[in-house]
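>>> give me coordinates for this.
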Amino acid sequence: MAFKLYYTIGSQPCRAILALGNLLDLKIERIPVNLGLGEHRTEEFAKMNPMKTVPVMDHDGFCLYESHSIMRYMCNITQTTDPYYPSDAKERALVDQYLDWFHIHVREPVVAVYGAVYFEKRGRPENIKLWSKGLNNLPMYTEMTRNSLSLLEGKLLDQNFLVNNTLTLADLSLALTIEFLQNIDFDMSPYPRVNKWLHNVVYHPCHQDLKKEHLANRKMKEEE
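The predicted structure is shown next:
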C-alpha cells in the first residue's frame with residue numbers, strides 16, 4: 001500500500017506521525033513541503049487539504065489531514081491498536097480525552113508562548129507580525145501553559161506515561177509539542193515528572209532520529 005505523508009520536519013504533528021510510523025513499522029513515503037516557498041498554498045495542495053496545512057496523508061488516493069485523525073487511521077489500518085491506541089474502550093477514551101484536550105490547553109498556549117519568545121528574540125519583522133497573537137497575550141498564554149503543566153505533573157505522579165503506563169498517541173502528541181518550551185528557556189523546574197516524561201518520549205527510539213533531523217534543520221534555518 002502506498003502511504004505518503006506531506007510534511008515538514010519542524011512540525012510537531014508531522015514528527016508525531018513519523019514516530020508512530022516507526023513504532024508500527026509502517027513504510028511511509030515522506031514528501032517534504034517547503035512552507036517558506038508557499039508550497040502548501042497551491043491549488044493542487046488544497047485539493048488534498050483545503051486548510052492548506054501540513055501534515056497531509058495520501059493512502060492510495062485517500063487523503064486525510066489533522067494529525068490525530070491520521071494517527072488513529074494508521075493504528076486501525078495496521079491492526080496494531082494496542083498499546084498505542086488501546087482496544088479497551090475505557091483506555092482508548094482516556095487517550096482520546098488527552099488528544100481532544102491537547103488543542104486548546106496545550107497546543108495553542110505552548111505554540112503562542114514559544115513563537116512570541118523565540119521569534120521576538122530573532123527580531124525578524126515578518127515573524128513578529130506572524131506571532132503577534134502570542135506577543136500581545138503572553139501573560140495569559142503563559143498562565144495557561146503553567147496550568148496544563150501542573151495538571152500533567154499530577155497525572156504523572158505514579159506512572160511514566162499518561163495512559164496505562166505505556167507509550168500511546170497521547171504521549172507522542174503532547175510531549176513533542178511541550179518540548180518546544182525547552183528551546184526558549186521556559187522554567188520547567190516546578191515539573192520534574194513532566195521533565196522525566198518528556199525525556200522518555202522525545203528520546204524514545206521511535207523519535208531519536210527525527211529529533212536529530214529536526215535539530216539539524218533548525219540550526220540551518222537559524223544560520224540563514
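>>> any stretches of the chain with poor pLDDT?
1, 119-135, 223-224 (pLDDT under 70).
>>> list the buried residues in the longest helix seen in it.
In the chain, taking DSSP state H as the definition, the longest helix is helix 138-155. By neighbour count with 16 or more other CB atoms under 10 Å, helix 138-155 contains the buried residues 141-142, 144-146, 148-149, 152-153, 155. In this view, the C-beta of every residue, glycine as well, is placed from N, C-alpha and C.
>>> now swap in stretch 75-93 and tell me
Across stretch 75-93, burial judged by 16+ other CB under 10 Å covers 75, 78, 80, 83-86, 91-92.
>>> which residues are contacting that stretch?
Residues from elsewhere that reach stretch 75-93 (CB atoms under 8 Å, 6 or more residues apart in numbering): 1, 20, 23-24, 26, 59, 71-72, 95, 163-164, 166-169.
>>> quick check: end-to-end length of it?
15 Å (CA to CA, to the nearest Å).
>>> in helices, which of the buried residues of stretch 75-93 fall?
Per DSSP H, the buried residues of stretch 75-93 map to helices at 75, 91-92.
>>> okay if I get the residues you listed as a markdown table plus distance to residue 115?
As requested, these are exported to a markdown table (distance: CB to CB, whole Å):
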| residue | distance to residue 115 |
| --- | --- |
| 75 | 31 |
| 91 | 34 |
| 92 | 32 |
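>>> may I have the phi/psi pair for residue 4?
Per-residue torsions, residue 4: phi -110, psi 140 (degrees, to the nearest 10).
>>> from residue 27, how far out is it?
With distances taken as CB to CB, to the nearest Å, residue 4 is found 10 Å from residue 27.
>>> neighbour count winner among those two?
Per other CB atoms under 10 Å, whichever of residue 4 and residue 27 has more neighbours is residue 4, with 16 against 9.
>>> quick check, that one in contact with residue 29.
Yes - between residue 4 and residue 29 there is a contact under CB atoms under 8 Å: 4.6 Å.
>>> neighbours of the nearest residue to residue 218 once chain neighbours are set aside, just the number please.
Using CB to CB, 6 or more residues apart in numbering and skipping residues adjacent in sequence, the residue nearest residue 218 is residue 10, 6.7 Å away. Neighbourhood size, residue 10 [other CB under 10 Å]: 14.
>>> from memory residue 10 sits against residue 219, does it?
No - if you go by CB under 8 Å, residue 10 and residue 219 don't touch, sitting 11.5 Å apart.
>>> ok so, going back, what is the most widely separated pair among the buried residues of stretch 75-93?
78 and 91 (18.3 Å; CB to CB).
>>> ok, which stretches of this structure are helices?
Using DSSP H, the helices assigned to the chain run over residues 12-24, 43-48, 67-77, 89-102, 108-122, 125-130, 132-136, 138-155, 169-178, 192-202, 208-222.
>>> and the fourth one with helix 138-155, angle?
Which is helix 89-102. 160 degrees (axes from the mean of the first three to the mean of the last three CA atoms, to 10 degrees).
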